[in-house]
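Engineer: how would this look folded up:
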Amino acid sequence: MASLQLHTSSILLSSSSNRVNATIHVPKLPKLPFSVPKLPKRKLVQGLNKATATNSIPFENKAITTQIYEVLYNPKASKSTAQLYAILESIADRIEMHNNVAEQRNNWNALLLSSINMITLTASTIAGVATATAEGAPLSALKMSSGLLFTAATGLLVIMNKIQPSQLAEEQRKATRLFKQLQTQIETIISLRDPTEEDVKDAMEKVLALDKAYPLPLIGVMLEKFPAKFEPAVWWPATQFQRKNRSHGRKPQNQKMEKRNGWSEDLERELREVIEVVKSKDVEDYDRLGNLALKIKKTLAIAGPLLTGIAAAGSAFLGNDGSLAAMVPVMAGSLAAVINAFEHGGQVGMVFEMYRNCAGFFQLLETEITSTLEDEDLETREDGELFEMKVALKLGRSLSQLRELARKSESYRVEGIPMDEFASKLF
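Structural biologist: Presented below is the predicted three-dimensional model:
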């Protein structure tokens, strides 16, 4: 046993003597004085999320942003700037309201039209069945059902024709566009220069004028849907151009104008010719179309309820086979459904309102150009070249096309030839 242990130890010694020691000694790195931050707790994260949600105000329009509130509550901001930002808040709210109401009233038009036509056609079908039904209790039930349905259709149709939902929806869509336009104008003023009290007063008057031109309620302040005469829509304040005319008199005639602030005699003559074309062609055409649309709307609004009323009265004579009186409810109800589909499905009220808005656009353009040309102080006018570009864009023309239109109008007027071209290429 001892010999065995001695032999084993000798083998281990001999094998360890043949090995190569290849151990590499790496120096220890010094400890750095930093610590890994701990992850925030759930309560802290929730608190940060709530704070972020409070500071951010999501809104599609640019009016309500964090910048607005920074200006409103910034003591260094001018009073006029803060007031204009406050007006922008109100405008953004009105845009949302008019947009929602327009969608709601468009749904009214579709739902009321489908409901009334369904009631009318159902009543016509019942009247047709009653014509071929023998006398007795079934006939009386059919006559009563047809009469009640025709009466309900008449009442609903009178209300629908009175409020004209398609025209109401178009009014709110127009108000939404005009409020967005006013919002852009105010933002442009703030970005280009320091606002004044006159800017604030002008913005307030424009907001109130739009509220009056396109009211939201129906009872008491709804626009007249069947006026005696076609009148253009007016959505700008009456004092918008009166203040300018009071502060600046008319320019003396036969006075030689020196080109200043982008204005020249050629530019004034060009704008006057454009206005003549607008009045003789565009305004006259939309006045004719507006009166035609008004007559069609009045005729259809009377014909629909009249036919359903005749059908309701004719339901009392059902049951006489082969008589003409028995056919009246069926024919009148079917014709009433066709008229309603044309009037409200074709949105005749919306077309009438569109003509009112287009005529108002040309009237506003004429007033703007006339009021600008009457200002004798060229320095207080808007830059002439910029004003010319704005007029060209409003009419859907380039500057060269606008000048060509003015030259053509002048030559036709001298030769006594009526103008054969409209000023606007948009409407």
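
Engineer: how about the strands in the protein?
Structural biologist: Assigned by DSSP state E, the chain shows no strands.

Engineer: what's the mean pLDDT across the top helix by length along it?
Structural biologist: What stands out as the longest helix in the chain, according to DSSP state H, is helix 79-131. Helix 79-131 shows a mean pLDDT of 93.

Engineer: mind giving me the packing neighbours of that helix?
Structural biologist: If you count contacts as 3 or more Cβ pairs under 8 Å, 6 or more residues apart in numbering; DSSP states H and E, helix 79-131 packs onto helix 66-72, helix 137-163, helix 165-192, helix 197-213, helix 284-314, helix 324-340. (C-beta placed from N, C-alpha, C; glycine too.)

Engineer: redo these as CSV? Include mean pLDDT and distance to Ser409.
Structural biologist: Putting the helices and strands packed on helix 79-131 into CSV (pLDDT from 0 to 100; distance: least, Cβ to Cβ, whole Å) gives the following:
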stretch, mean pLDDT, distance to Ser409
helix 66-72, 51, 46
helix 137-163, 90, 42
helix 165-192, 95, 28
helix 197-213, 94, 31
helix 284-314, 94, 14
helix 324-340, 87, 43
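
Engineer: can you tell me which of those helices is nearest to Tyr355?
Structural biologist: helix 284-314 (4.0 Å; Cβ to Cβ).

Engineer: go through the closest one and flag the buried ones.
Structural biologist: Judged by neighbour count using 16 or more other Cβ atoms under 10 Å, the buried positions of helix 284-314 are 285-287, 289-290, 293-294, 296-298, 300-301, 303-305, 307-314.

Engineer: same check, this time on stretch 414-427
Structural biologist: Result for stretch 414-427 [16+ other Cβ under 10 Å]: buried residues Met419, Phe422, Ala423, Ser424, Phe427.

Engineer: out of these, which comes closest to Ala141?
Structural biologist: Phe427 (54.8 Å).

Engineer: report the contact partners of Trp328.
Structural biologist: Let me fix one detail, which is that residue 328 is Val and not Trp. Ile310, Ala311, Gly314, Phe317 (Cβ atoms under 8 Å, 6 or more residues apart in numbering).

Engineer: ok so, going back, tell me the gap between the longest helix of the chain and the middle of its chain.
Structural biologist: 13 Å (Cα atoms, centre = their mean, to the nearest Å).

Engineer: ok, now stretch 405-413?
Structural biologist: 36 Å.

Engineer: list the contacts for Glu276?
Structural biologist: Going by Cβ under 8 Å, 6+ apart, the list of residues near Glu276 reads Ser409, Arg413.

Engineer: what about it, distance to Ala423?
Structural biologist: Taking Cβ to Cβ, to the nearest Å as the measure, Glu276 falls 9 Å from Ala423.

Engineer: what do you get for Ala228?
Structural biologist: 29 Å.

Engineer: quick revisit: turn the helices and strands packed on helix 79-131 into a markdown table, columns for distance to Arg260.
Structural biologist: Shown next, in a markdown table, are the helices and strands packed on helix 79-131 (distance: least, Cβ to Cβ, whole Å):
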| stretch | distance to Arg260 |
| --- | --- |
| helix 66-72 | 35 |
| helix 137-163 | 53 |
| helix 165-192 | 21 |
| helix 197-213 | 23 |
| helix 284-314 | 35 |
| helix 324-340 | 61 |
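
Engineer: so for Trp236, which of the ones you listed sits nearest?
Structural biologist: helix 197-213 (5.8 Å).

Engineer: next, the angle helix 79-131 makes with that closest one.
Structural biologist: Direction vectors for helix 197-213 and helix 79-131, defined by axes from the mean of the first three to the mean of the last three Cα atoms, to 10 degrees, enclose an angle of 10 degrees.

Engineer: flag every buried residue along stretch 265-281.
Structural biologist: Those buried within stretch 265-281 under the rule 16+ other Cβ under 10 Å are Leu267, Glu268, Glu270, Leu271, Glu273, Val274, Ile275, Glu276, Val277, Val278, Ser280, Lys281.

Engineer: among those, which ones are in helices?
Structural biologist: Short answer: the buried residues of stretch 265-281 in helices (DSSP H) are Leu267, Glu268, Glu270, Leu271, Glu273, Val274, Ile275, Glu276, Val277.

Engineer: give the contact list for the fifth one.
Structural biologist: It refers to Glu273. Leu405, Ala406, Arg407, Ser409, Glu410, Arg413.

Engineer: right, and the second one touches Glu268 too?
Structural biologist: No. The pair Ala406 / Glu268 is not scored as a contact, 10.6 Å apart, by Cβ atoms under 8 Å.

Engineer: for Asp211, which non-adjacent residue is closest in space?
Structural biologist: Using Cβ to Cβ, 6 or more residues apart in numbering and skipping residues adjacent in sequence, the residue nearest Asp211 is Arg94, 7.7 Å away.
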